[in-house]
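J.: Have a look at this prediction, sequence included:
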Amino acid sequence: MGSLTISFSPIRSSSLFFVILIVVCIFLSLLPHSVHSQCKNAPIIFNFGDSNSDTGGLVAGLGFPVKLPNGRTFFGASTGRFSDGRLVIDFLCQSVKASFLRPYLESLGPTFRNGVNFAVAGSTTLPKFVPFALNVQVMQFLRFKARSLQLAAAGGFGNLINDEGFREGLYMIDIGQNDLADSFSTNLSYVQVIKRIPSVIIEIKNAVKTLYDQGGRKFWVHNTGPLGCLPQKLSMVKRSSNDLDPCGCLSSYNDAARVFNEGLRHLCDEMRSEMKDATIVYVDMYAIKYDLISNSTKYGFSSPLMACCGFGGPPYNYNIKVSCGQTGSQACSEGSQYVSWDGIHYTEAANTIIASKILSTAYSTPRTPFDFFCRG
Ligand SMILES: *[C@@H]1O[C@H](CO)[C@@H](O)[C@H](O)[C@H]1NC(C)=O
Ligand SMILES: *[C@@H]1O[C@H](CO)[C@@H](O)[C@H](O)[C@H]1NC(C)=O
């Protein structure tokens with residue numbers, strides 16, 4: 001009996017070892033996928049907003065030239081994005097293995113199977129009914145949805161989003177920055193700028209409500225960044241030095257952005273209780289971007305208030321007459337050392353960090369992971 005045990009046990013343990021080895025190998029081969037994302041099927045994404053998430057809408061819609069060096073770092077050509085590379089929304093798409101969003105107004109090429117981008121640079125919520133105000137973007141969505149379902153019903157058209165796709169889709173909104181910027185640039189006083197904020201918030205509510213009434217249940221809302229830290233604003237605004245905060249940003253502009261964000265946060269709370277079957281995630285972009293600027297050296301950046309691409313040199317390297325891509329503008333050699341790409345928009349290097357902070361869920365209310373929106 002003893003010899004039997006002795007003679008069999010090495011065989012048993014070696015086959016067990018072999019089985020364990022295979023299991024470990026299979027596990028390790030699966031690991032890279034599960035670490036990147038749990039997504040079996042990427043969410044269908046519908047995005048609304050301004051240049052923060054415009055992936056070519058202004059170029060497609062108005063033919064507005066967005067030239068190199070925009071796009072130089074990642075795409076090697078201009079794509080209509082205001083950055084040297086990818087935007088935050090591009091990184092979010094990549095995190096769930098979704099393809100980059102194409103602009104709704106792009107007339108050649110796209111099939112829109114995985115989503116649509118209605119965002120156009122310069123967009124505001126108010127005034128309404130002008131290209132490409134938020135309510136116009138939502139009307140474009142309504143038309144897109146009706147047309148998709150109509151073509152599908154007629155048959156013979158592939159690659160269309162179906163009714164389920166619209167219901168399960170993720171609806172993203174990033175707007176408000178230009179409403180604040182426009183208020184300030186028309187010389188409204190701080191008090192007047194603040195007074196205008198509630199009507200902007202109501203427009204965002206109207207947009208979400210319309211999409212909800214259409215069956216949308218998943219919403220992802222970005223608040224607005226520190227407007228007063230943009231090199232463009234810093235270079236153009238007349239000010240006394242006591243208008244600057246400890247980071248060197250314009251206090252009144254940042255205060256207005258924070259008042260707007262409080263209103264938006266409150267709106268999201270309110271909508272969560274009104275639309276109980278909806279998921280509404282509010283993301284604090286302001287905190288992420290302000291941390292990046294105030295702790296820039298920790299993140300490997302040198303001059304957080306100076307544009308990489310522009311004209312005029314320090315301190316802000318911004319000149320509205322010679323903006324990035326226009327004749328006479330110059331771009332820094334190492335974009336990866338700059339937070340600001342062109343004085344208004346962020347570099348791919350900054351967007352990489354911003355996106356990873358978003359994906360951490362630490363800045364989200366509620367702390368819903370982005371891949372929650374994957375299908376299956
Ligand atoms: C705002 O004020 C500045 C300087 O006072 C002036 O140059 C500019 O034309 C004004 N803008 C508007 C829209 O009134
Ligand atoms: C900068 O970093 C420090 C240390 O991590 C942190 O305590 C602080 O909140 C950061 N600043 C901002 C504005 O987030």
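T.: Now that the structure is in, tell me what you want to look at. Because the structure is predicted, anything quoted here is derived from the model rather than measured. Ligands and ions are numbered 1, 2, ... in the order given.
J.: mind checking how far the residue of the stretch 51-200 of the chain found nearest ligand 2 is from residue 52?
T.: For the stretch 51-200 of the chain and ligand 2, the shortest gap (CB to the nearest ligand atom) falls at residue 88, measuring 17.6 Å. (Glycine included, C-beta is placed from N, CA and C.) According to CB to CB, to the nearest Å, residue 88 stands 7 Å off from residue 52.
J.: cool, residue 300 as well?
T.: Taking CB to CB as the measure, residue 300 and residue 52 are separated by 22 Å.
J.: Of these two, give the one with the bigger neighbour count.
T.: Using other CB atoms under 10 Å, the more surrounded residue of residue 300 and residue 52 is residue 52, with 26 against 10.
J.: so what's the residue in the chain that ligand 2 sits nearest to closest to, chain neighbours aside?
T.: When distances are taken as CB to the nearest ligand atom, the chain reaches nearest to ligand 2 at residue 291, 3.3 Å away. In space, and not counting its chain neighbours, residue 291 is closest to residue 357: 7.9 Å by CB to CB, 6 or more residues apart in numbering.
J.: pretty sure the one you found belongs to a helix, no?
T.: Yes: counting by DSSP: H, G, I helix; E, B strand; the rest coil, residue 357 is located in a helix.
J.: and this protein, which residues reach ligand 2?
T.: 290, 291, 294, 295 (CB under 6 Å from any ligand atom).
J.: who wins for neighbours among those residues?
T.: With neighbours taken as other CB under 10 Å, the top of these is residue 290, carrying 21 neighbours.
J.: Leaving aside the residues adjacent along the chain, what's closest to residue 265?
T.: Per CB to CB, 6+ apart, closest to residue 265 is residue 282, 5.7 Å.
J.: circling back to that earlier point, count of residues packed around the residue of the stretch 51-200 of the chain closest to ligand 2?
T.: So residue 88, with other CB under 10 Å, has 24 neighbours.
J.: Kindly report the same for residue 126.
T.: Neighbourhood size, residue 126 [other CB under 10 Å]: 17.
J.: follow-up on the earlier one: the residue of the stretch 51-200 of the chain closest to ligand 2 touches residue 353, doesn't it?
T.: No: in this structure, residue 88 is not within contact of residue 353 by CB atoms under 8 Å, at 9.9 Å.
J.: Which residue ranges of the stretch 201-350 of the chain form helices?
T.: With DSSP state H, counting those that start in this stretch as the criterion, the stretch 201-350 of the chain has helices at 231-236, 251-274, 285-294, 348-359.
J.: Columns mean pLDDT on top of those, output as TSV?
T.: Listed next are the helices of the stretch 201-350 of the chain as TSV, based on pLDDT from 0 to 100:
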stretch	mean pLDDT
helix 231-236	96
helix 251-274	98
helix 285-294	98
helix 348-359	98
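J.: Go through the ones you listed and name the closest to residue 172.
T.: Of all those, helix 348-359 sits nearest to residue 172, with 11.2 Å by CB to CB.
J.: now the closest one: how far from the chain's centre is it?
T.: How far helix 348-359 lies from its chain's middle: 10 Å, per CA atoms, centre = their mean, to the nearest Å.
J.: which stretch of helix or strand covers residue 173?
T.: Secondary structure from DSSP states H and E places residue 173 in strand 170-174.
J.: List the pairing partners of that strand within its sheet, with orientation.
T.: Paired strands of strand 170-174, with direction, are strand 45-49 (parallel), strand 218-222 (parallel) (DSSP bridges).
J.: I'd like to check what contacts that strand. Which residues are they?
T.: 43-50, 52-53, 89, 115, 119, 134, 204, 207-208, 211, 216, 218-222, 285, 373 (CB atoms under 8 Å, 6 or more residues apart in numbering).
J.: Select only the buried ones of the residues you listed in PyMOL?
T.: Buried residues within those, by 16 or more other CB atoms under 10 Å, are selected in PyMOL with:
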select buried, resi 43+44+45+46+47+48+49+50+52+53+89+115+119+134+204+207+208+211+216+218+219+220+221+222+285+373
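J.: Would you enumerate the residues in contact with the residue most central in space within the chain?
T.: With distances taken as CA atoms, centre = their mean, residue 89 lies nearest the centre of the chain, 3.5 Å away. Under the criterion of CB under 8 Å, 6+ apart, the contact partners of residue 89 comprise 47, 53, 55, 101, 117, 172, 174.
J.: and with 10 Å instead?
T.: The contact partners of residue 89, taken as CB atoms under 10 Å, 6 or more residues apart in numbering, are 45, 47, 49, 52-55, 81, 100-101, 117, 119, 172, 174, 220, 222, 351, 355.
J.: any idea whether it is helix, strand or coil?
T.: helix.
J.: and it, how far is that from residue 78?
T.: Per CB to CB, residue 89 is found 17 Å from residue 78.
J.: now residue 308
T.: The gap separating residue 308 from residue 78 is 15 Å, by CB to CB.
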